[in-house]
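S.K.: Predicted model follows, preceded by the sequence.
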Amino acid sequence: MNKSQIISDARKQGRTLLTEIESKQILKDAGIDVTLIKLATSENEAVGFSQEIGFPVVLKIASSDISHKSDAGGVKVGLNNEQEVSQAYSEIMNSVKQRFPAAKIEGISVQNMAKPGVEIIIGMTKDAQFGPVLMFGLGGIWVEVLKDVSFRIVPLTRYDASAMIQEIRGNALLKGYRGSEAVSITVLEDMLLKISEFVEKNPEIKEMDLNPVFAYKDGAVAVDARIVLEESE
């Protein structure tokens, strides 16, 4: 499905929170690299998709009623064979149903496990006065612990994107620290510019989080993503 179909379906269902699968489909269309992802609605289907994608894989609950999948016990990583996938599927379903019994579950997403990289967050919110504002910083758990982020108003220029990256205190981690590999700043700038262009052209997007994005020396991939729509008029 394309962006318009995804948003239309969400509107018809009375949803503003898109699933990870829907969010990644939209981001991929916007030119953002995302992990390969498929929706399984049964244990056998999850095993089949895992074989198709290739091990190791990650399983995540797919529900528009659950925004923090880890808190629901809805994430299993580093699954290396069919037996581990079957067990993880069952454990995720049992955990989510116990913790969120009223949640509507679309299924469980199966995705390739991206190689580790420097964890980045890119987000977007709407300011009442200035409109869409982009955020950049260290991702994963660090965004909550360190709150090391920078902001710019949309639309961004290349200079803005570069400045956002340079401003965070953890910038040294991007340039390589104590023997670690430096990441491509140009790739991160390009990603910020693509997202800026995307949100400028799509005012129906209220919030967006790409967390984490794994940054590498030659690329960057969004491992998890969340998009929230404006309320329907």
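M.R.: The structure has been received and is ready for your questions. Residues are numbered from 1 along each chain as shown.

S.K.: Can you find the helix or strand in this structure with the smallest mean pLDDT?
M.R.: Within the chain, no helix or strand scores below helix 142-145, which has a mean of 66 by mean pLDDT, DSSP states H and E.

S.K.: Name the next helix or strand following that helix along the chain.
M.R.: strand 149-153 (DSSP states H and E).

S.K.: what's the angle from whatever helix or strand comes next after that following strand to strand 149-153?
M.R.: Using DSSP H and E, the helix or strand that follows strand 149-153 in sequence is helix 158-167. Computed by axes from the mean of the first three to the mean of the last three CA atoms, to 10 degrees, the angle separating helix 158-167 from strand 149-153 equals 160 degrees.

S.K.: Just name whatever secondary elements the one helix or strand residue 4 maps to is in contact with.
M.R.: Assigned by DSSP H and E, residue 4 belongs to helix 3-12. For helix 3-12, the packing partners by 3 or more CB pairs under 8 Å, 6 or more residues apart in numbering; DSSP states H and E come out as helix 20-29, strand 225-229. Glycine gets a C-beta too; all of them are placed from N, C-alpha and C.

S.K.: Reformat these as JSON lines; add distance to residue 194 and mean neighbour count.
M.R.: Below are those laid out as JSON lines (distance: least, CB to CB, whole Å; neighbours: other CB atoms under 10 Å):
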{"stretch": "helix 20-29", "distance to residue 194": "9", "mean neighbour count": "21"}
{"stretch": "strand 225-229", "distance to residue 194": "13", "mean neighbour count": "22"}
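
S.K.: quick one, what contacts residue 39?
M.R.: The neighbours of residue 39, taking CB atoms under 8 Å, 6 or more residues apart in numbering as the test, are 21, 62, 106, 107, 108, 109, 110.

S.K.: 6 Å - rerun?
M.R.: Counting by CB atoms under 6 Å, 6 or more residues apart in numbering, residue 39 touches 21, 62, 107, 109.

S.K.: and these, which two are the farthest apart?
M.R.: Of all pairs drawn from the contacts of residue 39, the one with the longest distance (CB to CB) is 21 and 107, at 8.8 Å.

S.K.: intersection of neighbour lists for these two?
M.R.: Common contacts of residue 21 and residue 107, defined by CB under 6 Å, 6+ apart, comprise 39, 62.

S.K.: Which residues does residue 136 form beta bridges with?
M.R.: With DSSP bridges applied, residue 136 shows beta-bridge pairing to residue 122, residue 150.

S.K.: wait, isn't it in contact with residue 150?
M.R.: Yes. In this structure residue 136 lies within contact range of residue 150 using CB atoms under 6 Å: 5.4 Å.

S.K.: neighbour-wise, which of the two wins?
M.R.: A direct count of neighbours by other CB atoms under 10 Å for residue 136 and residue 150 places residue 136 higher, at 27 against 17.

S.K.: need the strands for this protein, in chain order.
M.R.: Taking DSSP state E, the strands of the chain run over residues 37-40, 57-62, 75-79, 107-112, 118-127, 131-138, 149-153, 205-215, 220-222, 225-229.

S.K.: Kindly reformat these as JSON lines containing distance to residue 96 and mean pLDDT.
M.R.: Shown next, in JSON lines, are those (distance: least, CB to CB, whole Å; pLDDT from 0 to 100):
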{"stretch": "strand 37-40", "distance to residue 96": "14", "mean pLDDT": "95"}
{"stretch": "strand 57-62", "distance to residue 96": "5", "mean pLDDT": "95"}
{"stretch": "strand 75-79", "distance to residue 96": "10", "mean pLDDT": "96"}
{"stretch": "strand 107-112", "distance to residue 96": "9", "mean pLDDT": "96"}
{"stretch": "strand 118-127", "distance to residue 96": "24", "mean pLDDT": "95"}
{"stretch": "strand 131-138", "distance to residue 96": "29", "mean pLDDT": "95"}
{"stretch": "strand 149-153", "distance to residue 96": "30", "mean pLDDT": "96"}
{"stretch": "strand 205-215", "distance to residue 96": "20", "mean pLDDT": "95"}
{"stretch": "strand 220-222", "distance to residue 96": "23", "mean pLDDT": "97"}
{"stretch": "strand 225-229", "distance to residue 96": "17", "mean pLDDT": "94"}
